[in-house]
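S.K.: just need the structure, nothing else, for what follows:
(2 chains)
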Amino acid sequence: MLDIKFIRENPDLLKQAISKRHYNFDLERLLKIDEVRRGLIKEVESLREEQNKASENFSKEKLEDLKQLKDSLQKKEAEFTKIDVEFRRLMLLVPNIPDPVVPEGKSDEDNVEIRRVGETKNFNFKIRDHHTLLRELDLVDLERGTKISGFRGYFLKNEGALLSMALWQFAFDYLIKKGFTPFIAPSLVKENIFVETGKLPLFREDLYATDDNLFLVPSAEIPMMGYHENEILQEEELPKKYVAFSPCYRREAGSYGKDEKGIYRVHEFMKVELIILCKAEHQESVKWHEEVTRYSEEMLVALGLPCRVVINCVGDLPFGFVKMYDIEAWIPSEKRYRESHSSSIVHDFQTRRLKIRYKSHDGKIRFAHSLNNTAIATPRILQSILENHQKENGSVEIPEVLRKYIGKDVITPRSSKNVS
RNA sequence: GGUGGGUUGGCCGAGUGGUUUAAGGCGCUGGUCUCGAAAACCAGUUGGGGAGAAAUCCUCUCAGAGGUUCAAAUCCUCUACCCACCA
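M.R.: Numbers count the residues shown, from 1 in each chain, chains lettered A, B, ... in the order given. Next up, the predicted model:
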């Protein structure tokens, strides 16, 4: 949510943002309602003042006057409530303003490359794609996954399971060294937190709901942003740097037919996510954004995965975000980079809804800025790891940094394994 | 699942319809005193909203929502959470 005062004072900026996003929103109507609402606040409050004063000097003779006063106050309050409900409904539909550097565009195809990191390998043999490697190395069971979970279901097994846990542990270890506090976050979360993080009321079709008014989170961003809901922090406490593991659930509505095979696009996956709460300055947000994006790149480099960073175009920029980078890992079989990470600047869009504030050194209370960034997402990243580290004989070398967690160097094909 | 008790400011805690502008204490901040500190004393100390150039004024905020009343921390209803006991 944006500040209504900001909207009121910068209607043109917001109009630009709305048209840049090709978003349908009647700003004039919001501004009109804001004006009417403020007029009603004034009227209601002056009636209350009158009533407070009259009640202090209560006498039985004036009872009839007081009753009339109460009556007109209640009518005015009802009028206000009606406008206020509409005002708040509209405020939840106002999108965040994209950073001026965000390029125009409709979909991820219009994202713009910023840099490439690492060298793509030239294989001097015919490479296997990750579907083949997963099958031959017996790392995933899609048939039984579908039997149990339905479409896009999967079981990770053998080194597929071990590699996943090693990746989470690797990401945790790496980020703890960078000063992040580790968490395991809840993945069943109340509706209001989804509203406050900007995932509702729009985009309900992307979420799994339960019968208990709880929703399954698409990212630990949701519970971790809720963590400090309704709190006032001290400026010295910032930045808050959190790294959280959680299962993630996405209905992938509207992606029928996309990536139907394999483990790239699934309904349930695991993710290590980091969030940062920092001072309410754009430069501070930018600084941390660049910083945490680099952490993710460094982890990919350590895993031996070439990648590139793209800046997402407006069409691929979520409703509440200001600026987003995707990091895409190299997929040798497709000869292209594919999204494995997202790193975003949110400014105070979520913290304003969540009422996460801090008291700054000048004594003012401000809404903190927030950022979120993928540290590692499994099983998606396995695709890139398996393909990039495959050898001619069909085995896959385990990235050096993960070996200590798994206790072996190479994953060998099932045929040469002693499988029970 | 059932019954009872509870939820008050940063913290503890008083308060059962109208001088409560929420007593008192602790903590914190500033000041006086002091070479400096402690103690003592004085003052300040939740957060939101509206009007205003500002000073300031008004309004809401006692778990949350609604209700009764001229008037609600206080009475009523519902919800959430905590504690105890029962099944």
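
S.K.: which intervals of the stretch 251-400 of chain A have sub-threshold pLDDT?
M.R.: Across the stretch 251-400 of chain A, residues meeting the criterion (pLDDT under 70) sit at A:256-257, A:260.

S.K.: for stretch A:25-38, list the C-alpha coordinates in PDB.
M.R.: Taking Å, rounded to 0.1, in the frame of the first residue of the first chain, the C-alpha atoms of stretch A:25-38 are listed here in PDB:
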ATOM      1  CA  PHE A  25      -7.400   1.400 -11.900                       C
ATOM      2  CA  ASP A  26      -9.600   4.500 -11.500                       C
ATOM      3  CA  LEU A  27      -7.300   6.900  -9.700                       C
ATOM      4  CA  GLU A  28      -9.700   9.900 -10.000                       C
ATOM      5  CA  ARG A  29     -12.300   7.900  -8.100                       C
ATOM      6  CA  LEU A  30      -9.900   7.200  -5.300                       C
ATOM      7  CA  LEU A  31      -8.900  10.800  -5.000                       C
ATOM      8  CA  LYS A  32     -12.500  11.900  -5.000                       C
ATOM      9  CA  ILE A  33     -13.400   9.400  -2.300                       C
ATOM     10  CA  ASP A  34     -10.400  10.500  -0.300                       C
ATOM     11  CA  GLU A  35     -11.600  14.100  -0.400                       C
ATOM     12  CA  VAL A  36     -15.200  13.100   0.700                       C
ATOM     13  CA  ARG A  37     -13.800  10.900   3.400                       C
ATOM     14  CA  ARG A  38     -11.700  13.600   4.900                       C
END
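
S.K.: tell me where chain A has helices.
M.R.: For chain A, applying DSSP state H gives helices covering A:4-9, A:11-20, A:27-56, A:63-91, A:130-136, A:142-149, A:159-177, A:191-196, A:221-226, A:282-302, A:349-354, A:380-388, A:400-406.

S.K.: columns distance to A:Glu236 and mean neighbour count on top of those, output as a markdown table?
M.R.: In this view, the C-beta of every residue, glycine as well, is placed from N, C-alpha and C. Listed next are those as a markdown table, based on distance: least, Cβ to Cβ, whole Å; neighbours: other Cβ atoms under 10 Å:
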| stretch | distance to A:Glu236 | mean neighbour count |
| --- | --- | --- |
| helix A:4-9 | 27 | 13 |
| helix A:11-20 | 32 | 15 |
| helix A:27-56 | 36 | 14 |
| helix A:63-91 | 32 | 13 |
| helix A:130-136 | 47 | 20 |
| helix A:142-149 | 46 | 14 |
| helix A:159-177 | 21 | 19 |
| helix A:191-196 | 25 | 19 |
| helix A:221-226 | 21 | 26 |
| helix A:282-302 | 15 | 18 |
| helix A:349-354 | 18 | 24 |
| helix A:380-388 | 36 | 24 |
| helix A:400-406 | 34 | 15 |
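
S.K.: what's the closest of those to A:Asn373?
M.R.: Smallest distance to A:Asn373 across the helices of chain A (Cβ to Cβ): 4.4 Å, for helix A:282-302.

S.K.: which parts of the stretch 251-400 of chain A sit against RNA strand B?
M.R.: Residues of the stretch 251-400 of chain A lying near RNA strand B by Cβ under 7 Å from any atom of the strand: A:357, A:359, A:365.

S.K.: count the neighbours of the last one for me.
M.R.: Using other Cβ atoms under 10 Å, the number of residues around A:Ile365 comes to 9.

S.K.: which strand residues bridge it?
M.R.: A:Lys359 (DSSP bridges).

S.K.: in contact with it, which residues are there?
M.R.: By Cβ atoms under 8 Å, 6 or more residues apart in numbering, the contact set of A:Ile365 is A:232, A:357-359.

S.K.: next to RNA strand B, which bits of the stretch 51-200 of chain A? Give me the list.
M.R.: Proximity of the stretch 51-200 of chain A to RNA strand B, by Cβ under 7 Å from any atom of the strand, involves residues A:51-55, A:58, A:63, A:66-67, A:69-70.

S.K.: that older thread, just give me the closest of the residues of the stretch 251-400 of chain A next to RNA strand B to RNA strand B.
M.R.: Distance to RNA strand B across these (Cβ to the nearest atom of the strand) is lowest for A:Ile365, with 3.8 Å.

S.K.: quick check: domain ranges of chain A?
M.R.: For chain A, the structural domains run A:4-91, A:108-416, going by automatic domain parsing.
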